[in-house]
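S.K.: sequence unknown, structure follows:
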């Protein structure tokens, strides 16, 4: 459901279904079953804004099988595209819009548990569980102001430097220490 233009540079978002409904209707998780798909990003965390997409990370040691599956199964979807990163593990990304949502599927040869997208998702989920509604409100305020998710968390928690690396540095921190960080940032 694309938005509609109502004036210069003003776009309205058509009402879109819940992300879980869109995901179920897409059939994407079933299609990707051989690639260990995991949904990450803001919708499952309850931090989505109108411009959010549905992100899925996969393990695809064989990029040809992944790209063939995506091409054969989803090329008919609106805004379909395939691209490959030029650096690092050279992940392949498939993107398209369906059921009112943009989707991005990241395929890496690494197991999902080792991928940055999954690791960020896990620490963000943990922080939200520990920080409760107050942390969620603070992060959402930054998101609504235009911040990406990781920078929003870093701003709220007072983490210096690269937000993406700073969040990964919290993976092995105890719950007690994370609670102290959250309380210290709030006060």
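M.R.: Received it, and whenever you're ready, just let me know what you need. Computed from a prediction, not measured in an experiment: that's the story for all the values here. Residues are numbered from 1 along each chain as shown.
S.K.: SS state for residue 30?
M.R.: Classification of residue 30 using DSSP: H, G, I helix; E, B strand; the rest coil returns helix.
S.K.: also residue 103?
M.R.: strand.
S.K.: and it, bridged to which residues?
M.R.: In this entry, residue 103 is beta-bridged to residue 54, residue 96, by DSSP bridges.
S.K.: tell me, what residue is most central in this structure?
M.R.: Centroid-nearest residue in the chain, with C-alpha atoms, centre = their mean: residue 41, separated by 2.2 Å.
S.K.: tell me the contacts of that residue?
M.R.: 48, 52, 53, 54, 55, 117, 121, 149 (C-beta atoms under 8 Å, 6 or more residues apart in numbering). Backbone N, C-alpha and C define where each C-beta goes, glycine included.
S.K.: so for the fourth one, what's the pLDDT?
M.R.: Meaning residue 54. pLDDT, residue 54: 98.
S.K.: kindly report the same for the one 3 residues further on.
M.R.: On pLDDT, residue 57 comes in at 98.
S.K.: can you give me the strands in the protein?
M.R.: Using DSSP state E, the strands of the chain run over 4-7, 10-12, 38-40, 54-59, 78-84, 92-98, 101-108.
S.K.: can I get those strands in TSV including mean neighbour count?
M.R.: Shown next, in TSV, are the strands of the chain (neighbours: other C-beta atoms under 10 Å):
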stretch	mean neighbour count
strand 4-7	9
strand 10-12	11
strand 38-40	21
strand 54-59	23
strand 78-84	13
strand 92-98	20
strand 101-108	23
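S.K.: looking at the ones you listed, which is nearest to residue 32?
M.R.: strand 54-59 (5.8 Å; C-beta to C-beta).
S.K.: tell me what the closest one is packed against?
M.R.: Strand 54-59 is packed against helix 19-26, strand 38-40, strand 101-108, helix 116-144, with contacts defined by 3 or more C-beta pairs under 8 Å, 6 or more residues apart in numbering; DSSP states H and E.
S.K.: TSV please, covering these and showing mean pLDDT.
M.R.: Output for the helices and strands packed on strand 54-59, formatted as TSV (pLDDT from 0 to 100):
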stretch	mean pLDDT
helix 19-26	97
strand 38-40	98
strand 101-108	98
helix 116-144	97
